[in-house]
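>>> Show me how the following folds:
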Amino acid sequence: MSALLTLRNLSVTIGGNEIVHGIDLDVARGETLALVGESGSGKSMTAMALMGISPPGAVVRADEMSFDSGKAPAALRGDRLSMVFQEPMTALNPVFTIADQLMTVYRQHRQSGASEARDRALHLLDRVGLPDPAAQMRKFPHQLSGGQRQRVLIAMALMCGPDLLIADEPTTALDVTTQVKLLDLLGDLQAELGLGMLFITHDLGVVERVSHRVAVMQQGHIVETGETKQVLRAPAHAYTRKLIDSLPRPRTPAARNSGKTVLQARGVGRTYTSSSWGKTQSFQALKEVSLDLDEGEILGVVGESGCGKSTLARILIGLDRPDTGSVEIAGEAATSLPQRSLAKLVQPVFQDPFGSLNPRWTIGSILELPLKLHTDLDAPARRARVADLLRSVDLPVSSAEVTPRALSGGQRQRVAIARALAVEPRVIVCDEPTSALDVSVQAQILALLRDLRRDRGLSLIFISHDLAVIENLCDRVMVMYKGEVVEEGAADRIFANPRHPHTQALKDAILRVEPLQQDGLATGEK
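Numbering: from 1, shown residues only. Predicted coordinates:
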C-alpha cells in the first residue's frame, strides 16, 4: 500500500531544547495510524509540525515531509490535509456563526460562490449527523453542545474533501456514548471517502476501536510501532506495557458499613429558565433526585452530558439551590447553613484544576487560603499544615513555592485534592476529576483517592461519564438520564447485570483493552 504521507527524521526544537526526536511515520490512503502517549510526549507537536502551525520560535527539521503529490503537507493545509482539534469551543470562532466558519474554508480553497459553499456545508452537517442542519448553520458555537461542536469541526475539516485527516484527541472530553458515535462516524467517513487518518490520543480503548496501526510515543521518541492488535496484545516496549497496565480495571467494591449516613438528598429538583426575544423557556435539569452516602463510601454518579450530574454536584456543595427537595450533610440541612459552615463539611474537586486554581498565586498561597478562612492557625502553623497537605497527596513540599503553571495536569489535580482536604471535610464531591488526564496519571489519582478514603474515612461522590473509572473506584453507582435516577446499586451488580436500557448503553460504550497474562507481562486484547 503506497504512502499518502511520508515523514522521515522529524525533529522539533524550542528554545534550544529538542522536544521531538527523529520521528518516522507513514500513513496510507484509507488507513488509520494512531499516535499514542502521555501528555508532553510530543504527539500534538508532531501534528502541528505536519500542519505547519508550530508555536512561534519552534525550529522544525525533517529529511522528508511529503504528501503523495511530493508537496509539503503544510502547503496543502485546509485543502488536501485538514485537522480536527481536541477542544471545539477553542477551535471555533465564538463571534461567527457556524455557516460563516464552514463557508469561509470552502470559498478560500475552492474560489466558489456563497451558494455552492452553503450547499456543501449543509450536506456535510447532515452527513455528520447534526439535526436540522439549516437551523444549526445560523447558530453560534456556544449554542451547541460539546458533541455537536465536535461534529461541526469534523464537517469543517471535510469541506474541501481532504485526503488526510489529523484528529488530535477529538473525543477526550465527550461522554462515552457520544464518543462512540463520533468514532463510528469517522470510520464511516473514512470508508466512504478513502481518507487516511492520523489519530492522536492517550486512550488505548479508542486506539483499538479506530486504528489499523499504532505508534507509541514517549518523551519525543517513537518507542514502538506495529499493527494495533499486535502492539496491544503483545507490547514489546516497557512503556507500552506501562500504559496498558495503567488502564482502569474492575475492582471488588467495599461492603457498605454500619449505615452511618453522612449525606442525604431527598426529592431534589432544579429547573432553569431563560428569556430570549421576549420568550421564556424552562429546562428541568433535575427531577426528584434522592441519594444516600455512608461514611467512608464512594458513590459513583454516571450519565451522559446534560443528564444533570454537574447540577447535582453544584447543589450538594452549595453553589446552587434546589427548587424542591432537601439536602442534609452530617445531620444539618444544607440550605440553612451559611456557605462557610457548609464548606467545612463538603468540598469540591473540579474537572479542570488549571481553571480552578489561581494562576497568579503560589501553591502555598492557594492551600493557605482555606486555612485562613476556616481555622485559627497562625502563620507558622499554616505553613506546616500546607507541607502536611502536600505530603498527603504525594507532592514535594517544595511545590508550595511555585505557581500552577509550573506543574503538570496530574500534579495540579493533586493540589486541588489537597485544597479540598485542608478543612478536613466529611464529604468530597469530585466532578469529572480524571477525564482529561493520561491513563497513567489517572491511575495515580484513583489510587490516591482510595488511599484517602482508607486513611481518613472520607466519603466521596465521584461524578463521571467514564464507566471504566467508576467500575474501578466506586462501591455503589447511581445512573442518571435526563435529570432522573434510572438505576442504583452496588457497582459489581450494576456492571454485571444492568437493568435499565440507558445503563446497558453506557456499558456497551466502554472502550476497554482487556488484560492477558503472557510470560508474566500484562497485555491487552479486545
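>>> C-alpha only now, for contacts and for neighbours.
Will do.
>>> so where's the stretch 201-350 of the chain uncertain?
Applying pLDDT under 70 to the stretch 201-350 of the chain flags the ranges 254-259, 276-277.
>>> change it to 50
Counting by pLDDT under 50, the stretch 201-350 of the chain shows no low-confidence range.
>>> same deal with the chain?
Checking the chain against pLDDT under 50 turns up 517-526.
>>> go again using 70 as the cut-off
1, 69-70, 173, 254-259, 276-277, 514-526.
>>> Could you list the residues in contact with stretch 390-401?
By CA atoms under 8 Å, 6 or more residues apart in numbering, the residues outside stretch 390-401 that reach it are 362, 363, 364, 365, 386, 387, 411, 414, 415, 417, 418, 448.
>>> The residues you listed into TSV, with extra columns for secondary structure and distance to residue 512?
Shown next, in TSV, are those (DSSP: H, G, I helix; E, B strand; the rest coil; distance: CA to CA, whole Å):
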residue	secondary structure	distance to residue 512
362	coil	39
363	helix	36
364	helix	39
365	helix	40
386	helix	38
387	helix	38
411	helix	26
414	helix	26
415	helix	29
417	helix	27
418	helix	31
448	helix	22
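>>> possible to save the residues you listed as CSV with distance to residue 160?
Formatted as CSV, the contacts of stretch 390-401 follow (distance: CA to CA, whole Å):
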residue, distance to residue 160
362, 47
363, 47
364, 51
365, 51
386, 55
387, 56
411, 41
414, 44
415, 45
417, 46
418, 49
448, 47
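>>> Take those and lay them out in CSV including neighbour count and distance to residue 334.
Shown next, in CSV, are these (neighbours: other CA atoms under 10 Å; distance: CA to CA, whole Å):
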residue, neighbour count, distance to residue 334
362, 19, 32
363, 27, 30
364, 21, 30
365, 18, 28
386, 24, 28
387, 19, 31
411, 19, 31
414, 24, 27
415, 28, 26
417, 27, 22
418, 24, 23
448, 17, 28
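>>> any idea which of those residues is closest to residue 157?
Of all the contacts of stretch 390-401, residue 411 has the smallest distance to residue 157: 34.1 Å, by CA to CA.
>>> Tell me, how many residues neighbour the residue lying closest to that closest one once chain neighbours are set aside?
Distances taken as CA to CA, 6 or more residues apart in numbering put residue 395 closest to residue 411, at 7.4 Å, once the chain neighbours are dropped. Using other CA atoms under 10 Å, residue 395 has 18 neighbouring residues.
>>> Return the set of buried residues in stretch 267-286.
By neighbour count with 16 or more other CA atoms under 10 Å, stretch 267-286 contains the buried residues 267, 268, 269, 270, 285, 286.
>>> Would you confirm that the first one belongs to a helix?
To tie it back to what came earlier, the one meant is residue 267. No: under DSSP: H, G, I helix; E, B strand; the rest coil, residue 267 sits outside any helix and is assigned strand.
>>> Could you tell me how far residue 491 is located from residue 482?
According to CA to CA, to the nearest Å, residue 491 and residue 482 sit 21 Å apart.
>>> Of those two, which one has the most company?
residue 491 (25 against 17).
>>> mind listing what residue 261 touches?
292, 293, 294, 295, 330.
>>> Report the beta-bridge partner residues of it.
residue 294 (DSSP bridges).
>>> thinking again about what came up before, possible to save the contacts of residue 261 as TSV with neighbour count?
Shown next, in TSV, are the contacts of residue 261 (neighbours: other CA atoms under 10 Å):
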residue	neighbour count
292	16
293	22
294	20
295	21
330	16
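>>> contacting residues for residue 490?
253, 475, 476, 477.
>>> cool, residue 483 as well?
By CA under 8 Å, 6+ apart, the contact set of residue 483 is 284, 285, 286, 287, 289, 306, 307, 308, 309.
>>> ok, the fourth one - how many residues close by?
Number of residues near residue 287 (other CA under 10 Å) recorded here: 18.
>>> Let me see the contact set for the closest residue to it other than its chain neighbours.
Leaving aside its chain neighbours, residue 287 sits nearest to residue 269 (4.7 Å; criterion: CA to CA, 6+ apart). Taking CA under 8 Å, 6+ apart, we find residue 269 in contact with 284, 285, 286, 287, 288, 289, 322, 323, 324, 325.
>>> for residue 417, same thing?
Residue 417 is in contact with 349, 393, counting by CA under 8 Å, 6+ apart.
>>> hmm, try it at 7 Å
residue 349 (CA atoms under 7 Å, 6 or more residues apart in numbering).
>>> so how far is residue 313 from it?
Counting by CA to CA, the gap from residue 417 to residue 313 is 16 Å.
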